[in-house]
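Undergrad: predicted model follows, preceded by the sequence.
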Amino acid sequence: MNELVVVSGATKGIGKAVAERFARAGYNIAICARNGDELRQIKNDMEKKYKILVHIKQTDMSDRAQVKDFCYFVLAIQQPVAVLVNNAGYFLSGETMSEKEGALESLMESNVYSAYYLTRGLIDAMKRNKNGHIFNMCSIASIIAYPHGGSYTISKFALLGFSKVLREEMKPHGIRVTAVLPGATKTASWDGVDLPEDRFMKPEDVAEVIFNAYSISDRSVVEEVIIRPQLGDI
């Protein structure tokens, strides 16, 4: 029986690239996103191309009740979760003292609470298996504050903090935890920005780094990985 890889926010960008990389390696996939049509298209494409099973559930990861439902959905598949990639989230430009009211709450719900509650929902099953690898998609913004980063930066600092705590807590259970800190990657977040495409990283490059971090011996763990465009931050 194939092991299962769970990826939140997997219909585009890094999430989609990660799901596809593990599908290519023969893992079954469980993914969620807000757009049901895009989920169904990915399911059809990947199952046809890689001959694996893709389980999909339309989910708003900023809604705790829907996150809980997605956890039940994953557990009902009854396959060991080899990898959990907490990828769901979004970027909102602004400065903390002038950004739209509610920006902090919205970004924390999407970028931090989504990872927290999805992990809580699946962790007991992973502990019973004494195996698994959790990747939290942080950001360069997890370690560097920058203009107009506002509450997005706060949320990504928080996600890195969650990753550090989780790493310590999961040591006795055989579960590895990795914080991934990518710089500017060519995703929808950068739509409309007037910069050459080669100034950005490819989502597939980030996915390959994640896959390689997972593939090393379980005697070792990549705790944090920073990936930047060759020419540096934007």
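TA: On my side now, so go ahead.
Undergrad: which parts of the protein are strands?
TA: Assigned strands in the chain, in chain order: 4-8, 28-33, 54-58, 81-86, 133-137, 176-182, 224-227 (criterion: DSSP state E).
Undergrad: using CSV, list the CA coordinates for stretch 227-234.
TA: Extracted as CSV, the C-alpha positions of stretch 227-234 are listed here (Å, rounded to 0.1, in the frame of the first residue of the first chain):
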residue,chain,number,x,y,z
ILE,A,227,16.2,29.0,-0.7
ARG,A,228,16.8,32.3,-2.5
PRO,A,229,16.9,33.5,-6.1
GLN,A,230,20.5,33.4,-7.4
LEU,A,231,20.5,37.2,-7.6
GLY,A,232,19.1,37.6,-4.1
ASP,A,233,15.9,38.9,-2.6
ILE,A,234,13.4,41.1,-4.5
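Undergrad: flag every buried residue along it.
TA: When burial is assessed from 16 or more other Cβ atoms under 10 Å, stretch 227-234 yields the following buried residues: Ile227, Pro229. The way it works is simple: take the backbone N, C-alpha and C, and place the C-beta from them, glycine included.
Undergrad: need the residues that contact stretch 56-64.
TA: Residues external to stretch 56-64 that are found in contact with it (Cβ atoms under 8 Å, 6 or more residues apart in numbering): 8-9, 30-36, 39-40, 42-43, 66-67, 69-70, 73, 88-89, 106, 109-110, 113-114, 117-118.
Undergrad: hmm, try it at 6 Å
TA: Defining contact as Cβ atoms under 6 Å, 6 or more residues apart in numbering, one finds that stretch 56-64 is touched by 8, 31-32, 34, 36, 39, 43, 66-67, 70, 73, 88, 109-110, 114, 117.
Undergrad: how about stretch 120-127?
TA: For stretch 120-127, contacts defined as Cβ under 6 Å, 6+ apart pick out Cys71, Val81, Gly132, His173, Ile175.
Undergrad: max-length helix in the chain?
TA: Secondary structure of the chain per DSSP state H: the longest helix is helix 150-170.
Undergrad: now the angle between strand 176-182 and it, please.
TA: Angle, helix 150-170 to strand 176-182, by axes from the mean of the first three to the mean of the last three Cα atoms, to 10 degrees: 160 degrees.
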